[in-house]
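**Q** 3D, please:
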Amino acid sequence: MTQFKVYFTGFQFMWPAAPHGALYLLRTVWSDLSAEGKYLLVQIVLRFGGEWVAWTIERLSIELGMSRAAVIRAREELLNVRFHGGGNFIEKKPFPGLCASDPDMLKGRPRVGVRLAEKFRFWLELMLQEQQRGLYELYIEQLLHGFGGDKRTRKPGPRKDDSYALTAPRRLLLAVLWTKAGIGGVVSDGDDRNLASLTSLPLPKVRYQLGRLRKMGYLEYQGGKSLGGYVPGRCSQIITLNQHHPAYPTVGQLKRVWISTDTIRPLWGIYVHADEADEGDEDLIKEMLRSWQGGEAGDSFISLDQHEALVEAFKGHPNRSQATKYVICKACEYSLALLGSNTDALRPGGRLMVDSVCSRIEEELFSHPELNERFGPNASRLLAIWVYAQIRELASAVCRAICTTEGWNIHEFWHSGWCRCQSISLIPDYAGRLNLSYAVVPENGLRP
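**A** Below you'll find the model as predicted:
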């Protein structure tokens, strides 16, 4: 049997667009490829670009965490399946050894190498011209390149004693999740069927692998299902990825800060307060909305006499604990979205509202079809603004915490400070605290 070899010169990327190309492949549905085929294709693009792949099957098995049989199946698939623009994904042909210092090149029969087919590479470069860069390319590169343990002494396949080693399907799924992650490492549209399409994994296997990733610490939080209450009515799945995982050792040093939950305490306890008879708690929404009454023209429809009916929307929730956790995780996500959208909205005394964030709150938390009918006109909009008022205060608290930690002037932060923060995450912690983590980039590395 002809041996399958690849030639690797020692440079990490042979093709400047290699990381960007791998990102595009992960984001795209390839219905004709299996999960093994897609994973091998992504690895070839990332590690070799347009150069010859000259590793043995055994080395590919060790480096990529695939069995020998899986590597062979994936190679044959890429040689025979045609891509969207026509032609094969890769090509193969015999080629002479190019490096006399490589002992693998000096023995055995003539080698057969594979590389990206020229037509496919040109097509991919054309597709990349309109492709946006991802927020977490460094995490994806680290994930796909690293496998944990000493590869020189490893047997093919994953190690059972490595607590965070990943099988190829699991690694592919996690890489796809990173491509979908927004600010804070949050995947807000992590529908299982969509993940199955992107990874070419069966739906039951996607759900199983998500559970395994959560147990291995790669996911900070996974939630979203029908909770049976009016608020929230429809709970899309959200996944928060763990940016502190030891599988990403060289991405950057993240700093941790704990944030008080005082700013969102009304939101944190709304399901409890709604069931209590204390009138002071019934006035909760009214007090929160008072600062928005009679201000901007767009807020003129807000009626504060609806607050008692709105509290009724939270009463008697059958899954109060789960609903609270879901809403608080969404609050953290909205706060980071507000920070990334317009920091001017967080200036002390400012009244600027970021409509995109407020609309997301209304759509994702208060979309129950009977909400407005049962609790008064504009009930969903009122509730969205009530949450937004707390989100704004939480985002401001995040700004103050970062400025205190870094010794920055709060007024300078509105101009460029936020651009110096990357890999930022905000998630609920124990004892009613919020865990803020972030990394700072040098001033010459500011994002546009």
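
**Q** okay, CA-based contacts and neighbour counts for the rest of this
**A** Noted.

**Q** Once you drop chain neighbours, what's closest to the residue nearest to the spatial centre of the chain?
**A** The structure's the chain has its C-alpha centroid closest to Ala181; by CA atoms, centre = their mean the separation is 2.1 Å. Distance criterion CA to CA, 6 or more residues apart in numbering; nearest residue to Ala181, sequence neighbours excluded, is Val187 at 4.5 Å.

**Q** Who are the contact partners of the one you found?
**A** Shown in contact with Val187 (CA atoms under 8 Å, 6 or more residues apart in numbering): Leu177, Trp178, Lys180, Ala181, Ile238, Ile239, Thr240, Leu241.

**Q** Okay, and the beta partners of it?
**A** For Val187, the beta-bridge partners are Ile239 (DSSP bridges).

**Q** circling back to that earlier point, biggest separation within the contacts of Val187, which pair?
**A** Greatest spatial distance among the contacts of Val187 (CA to CA): Trp178 and Ile238, at 12.9 Å.

**Q** do you know how far the residue nearest to the centre of the chain is from Leu174?
**A** 10 Å (CA to CA, to the nearest Å).

**Q** just checking, Glu220 touches His245?
**A** No: counting by CA atoms under 8 Å, Glu220 does not reach His245; the two are 9.7 Å apart.

**Q** Between the two, tell me which one has more neighbours.
**A** More crowded of Glu220 and His245, by other CA atoms under 10 Å: Glu220, with 20 against 14.

**Q** Could you look up the SS state of that one?
**A** strand (DSSP: H, G, I helix; E, B strand; the rest coil).

**Q** what do you get for Tyr248?
**A** Following three-state DSSP, the label given to Tyr248 is coil.

**Q** residues in contact with it?
**A** Under the criterion of CA under 8 Å, 6+ apart, the contact list for Tyr248 reads Tyr139, Gln142, Leu143.

**Q** low-scoring stretches of the stretch 201-350 of the chain, by residue?
**A** Within the stretch 201-350 of the chain, the stretches with pLDDT under 70 are 221-226, 234, 250-252, 276-310, 342-345, 347-350.

**Q** quick one, strands of it?
**A** Remark: strands assigned in the stretch 201-350 of the chain by DSSP state E, counting those that start in this stretch are 219-223, 238-241, 255-259.

**Q** can I get those in TSV with distance to Leu195?
**A** Shown next, in TSV, are those (distance: least, CA to CA, whole Å):
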stretch	distance to Leu195
strand 219-223	14
strand 238-241	12
strand 255-259	30
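
**Q** can you tell which of these is closest to Phe89?
**A** Across the strands of the stretch 201-350 of the chain, the minimum distance to Phe89, taken as CA to CA, is reached by strand 238-241, at 31.1 Å.

**Q** The helix or strand encompassing Cys399 to strand 255-259, inter-axis angle?
**A** Element membership for Cys399 (DSSP states H and E) is helix 379-406. Orientation note: helix 379-406 sits at an angle of 130 degrees relative to strand 255-259 (axes from the mean of the first three to the mean of the last three CA atoms, to 10 degrees).
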